[in-house]
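**Q** here is a sequence together with a model predicted from it:
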Amino acid sequence: MATQLQLLVLLICAAVVIGAYSSTTDESSSGSSNSVGGTKCDKNPLSELTFQLSGSNLHWPCESTKNIYVQSGRYVPRNVIVTRAQLQKDSAFVALPRYKQGVPFTLGKVNLKKGECLTKIAPYPCWAIQEEGNCQALQSVVDIAVDQNGLLWALDVGIVNTLEQPIRRCSPKIVAINTANNKVVKSIDLSDLVTSESRLQFIVVDYSKDNKPFVYVADAGARSILVYDITGNKSYRIVLPKATAPTNDVLYVALTSKPDGTSTLFFSYLSSQRLYSIKGEYLRVGQGAGSIIDVGPKPYGKQAVLLGADGGTSLFFRYKGENDIYLWDSETCFKAANLQEVQRGGDCRLSTQVLPGHRKFMWALESNFHDFIADKTGCNGASIVLHPVVRECDD
């Protein structure tokens, strides 16, 4: 059962500083002391809790290794982007998908405790597991989840250079790493669950009331939710009704949990006008037919991005192309009147995820991912920031 974290959304009166980057396109598809953010694009007034991440600031074993990677084309800083994260104590685990050539590692770790202007990203758990072309290693991690027992589950799609010339290096898999000792404890081959149309995008971990783990994976291309019973070593494919997918673009998922352990998976395609859900008790036995609930239409008929959950019953959204973040308590009716604005956005970046963690805050991961896809980030690459969700008001 997921532990519900106290939601601390900060209410701060501050002027919004906008500059540096602008949203030129929409989504194309999809402690102690802390570091200080320093660009004009940083609207968060809590600078000491703002962490800038950059493909130009990776942790290398030595300078000669970095030079070898650069000279061989295996490291192109502007092609590195962080799209997903998980927080554990004063660390952040991050996914760096190999969307383009030159991403030296695809799973990383960031220290949120030591103050630096730019926070270095180190390969996690080690360099050896990052080797492209080695099917015992990670190829392209697109999403991660850290569960209540400290296991990190990484969704590796096995395909690299997806935004250039896609190459299937290996079969898709889920890799579990014990964050207590940094050891790989399980690897799950997903070959038998995927189809030629599959496009795996997100992963969440659920625990039954008898404390057995289950993994759910969003397969947007095959219009499915993949379910893997870790203890029972069984798997299911829940095929979603055609009505849920106007087009197979991005299939967002987020898991809520009540204090009694009852879990619900909410899901929606970006292009869909409606939000849907299915209870964990049905997913865990592979029961899809008759179990999917139409939660309701998305407010104002807008396309909405499901950003994440708080570990309890609240979900976070933003509208496509906009960066205002809204909270919805899933125990209430899904309508505009029940959406609470918790962060006003600017023109710099778009949130790709909202997640609980460090210092019991809710955190937002933001980037100009839209510019990255369109190859408009310039030589410095993507602008990526991790910071607490902050609601600002005028002076």
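**A** Yep, that arrived.
**Q** ok, the residue most central in space within the chain - contacts?
**A** The residue lying closest to the centre of the chain (C-alpha atoms, centre = their mean) is R84, at 3.1 Å. Applying C-beta atoms under 8 Å, 6 or more residues apart in numbering, we find R84 in contact with 94-95, 142-144, 352-353, 365. Backbone N, C-alpha and C define where each C-beta goes, glycine included.
**Q** partner residues bridging it?
**A** A95 (DSSP bridges).
**Q** ok but A243 is inside a helix, no?
**A** Yes. Using DSSP: H, G, I helix; E, B strand; the rest coil, the assignment for A243 is a helix.
**Q** and it, how many neighbours?
**A** Burial measure for A243: 11 neighbouring residues, criterion other C-beta atoms under 10 Å.
**Q** how about K335?
**A** For K335, the neighbour count with other C-beta under 10 Å is 12.
**Q** my read is that it contacts P299, right?
**A** Yes. Look at K335 against P299 with C-beta atoms under 8 Å: they come within range, at 6.6 Å.
**Q** hang on, the earlier thing: tell me the spacing between the residue nearest to the centre of the chain and F267.
**A** For R84, the distance to F267 equals 17 Å [C-beta to C-beta, to the nearest Å].
**Q** just for the chain, where's the confidence low?
**A** Along the chain, segments meeting pLDDT under 70 span 1-45, 114-117, 346-347, 392-395.
**Q** one more time with 80, if that's ok
**A** By pLDDT under 80, the weakly predicted segments of the chain are 1-47, 113-118, 248, 345-348, 358-359, 391-395.
**Q** run the chain-centre distance for the longest helix anywhere in it.
**A** In the chain, assigned by DSSP state H, the helix with the most residues is helix 63-71. Mean-position distance between helix 63-71 and its chain equals 29 Å (C-alpha atoms, centre = their mean, to the nearest Å).
**Q** for the stretch 251-395 of the chain, which segments count as strands?
**A** For the stretch 251-395 of the chain, strands defined by DSSP state E, counting those that start in this stretch occupy the ranges 251-257, 263-269, 274-279, 293-297, 304-309, 314-319, 325-329, 339-343, 350-356, 362-367, 384-388, 390-393.
**Q** just the stretch 1-150 of the chain next, same as before
**A** Going by DSSP E, counting those that start in this stretch, the stretch 1-150 of the chain shows strands at 10-13, 51-53, 84-88, 91-95, 107-111, 121-123, 141-146.
**Q** include distance to A122 and mean neighbour count when you put the strands of the stretch 251-395 of the chain into CSV, please.
**A** Listed next are these as CSV, based on distance: least, C-beta to C-beta, whole Å; neighbours: other C-beta atoms under 10 Å:
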stretch, distance to A122, mean neighbour count
strand 251-257, 28, 23
strand 263-269, 32, 23
strand 274-279, 37, 19
strand 293-297, 40, 14
strand 304-309, 24, 24
strand 314-319, 28, 22
strand 325-329, 29, 21
strand 339-343, 29, 18
strand 350-356, 20, 24
strand 362-367, 18, 26
strand 384-388, 15, 25
strand 390-393, 27, 17
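**Q** want to throw these into JSON lines with distance to A128?
**A** JSON lines is the format used below for these (distance: least, C-beta to C-beta, whole Å):
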{"stretch": "strand 251-257", "distance to A128": "31"}
{"stretch": "strand 263-269", "distance to A128": "34"}
{"stretch": "strand 274-279", "distance to A128": "38"}
{"stretch": "strand 293-297", "distance to A128": "44"}
{"stretch": "strand 304-309", "distance to A128": "31"}
{"stretch": "strand 314-319", "distance to A128": "36"}
{"stretch": "strand 325-329", "distance to A128": "38"}
{"stretch": "strand 339-343", "distance to A128": "39"}
{"stretch": "strand 350-356", "distance to A128": "28"}
{"stretch": "strand 362-367", "distance to A128": "27"}
{"stretch": "strand 384-388", "distance to A128": "25"}
{"stretch": "strand 390-393", "distance to A128": "39"}
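**Q** tell me which of those strands lies nearest to G73.
**A** strand 384-388 (22.3 Å; C-beta to C-beta).
**Q** helices and strands around the closest one, which ones?
**A** strand 51-53, strand 362-367 (3 or more C-beta pairs under 8 Å, 6 or more residues apart in numbering; DSSP states H and E).
**Q** distance of S198 from V217?
**A** Noted for S198: a distance of 10 Å to V217, by C-beta to C-beta.
**Q** correction: E197
**A** E197 sits at a distance of 14 Å from V217 (criterion: C-beta to C-beta).
**Q** mind checking which of the two has more residues around it?
**A** Higher neighbour count among E197 and V217: V217, with 28 against 12, using other C-beta under 10 Å.
**Q** what residues are up against the closest residue in space to the more buried one that isn't next to it in sequence?
**A** Distances taken as C-beta to C-beta, 6 or more residues apart in numbering place L226 nearest to V217, at 4.1 Å, with adjacent residues excluded. For L226, the contact set (C-beta under 8 Å, 6+ apart) comprises 190, 193-194, 200, 216-219, 235-238.
**Q** what helix or strand is L226 located in?
**A** Assessed by DSSP states H and E, L226 sits inside strand 224-229.
**Q** sheet partners, orientation included, of that strand?
**A** Partners of strand 224-229 in the sheet, by DSSP bridges, are strand 213-219 (antiparallel), strand 234-239 (antiparallel).
**Q** wouldn't K183 be in contact with Y124 here?
**A** No. With contact defined as C-beta under 8 Å, K183 and Y124 do not form a contacting pair (11.9 Å).
**Q** what residues are shared contacts of these two?
**A** With C-beta under 8 Å, 6+ apart as the test, K183 and Y124 both reach I177.
**Q** out of these two, which sits in the busier spot?
**A** Set K183 next to Y124 and count neighbours by other C-beta under 10 Å: Y124 wins out with 25 against 10.
**Q** in JSON lines, list the strands of the stretch 1-150 of the chain along with distance to K279.
**A** Formatted as JSON lines, the strands of the stretch 1-150 of the chain follow (distance: least, C-beta to C-beta, whole Å):
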{"stretch": "strand 10-13", "distance to K279": "33"}
{"stretch": "strand 51-53", "distance to K279": "36"}
{"stretch": "strand 84-88", "distance to K279": "24"}
{"stretch": "strand 91-95", "distance to K279": "27"}
{"stretch": "strand 107-111", "distance to K279": "31"}
{"stretch": "strand 121-123", "distance to K279": "37"}
{"stretch": "strand 141-146", "distance to K279": "19"}
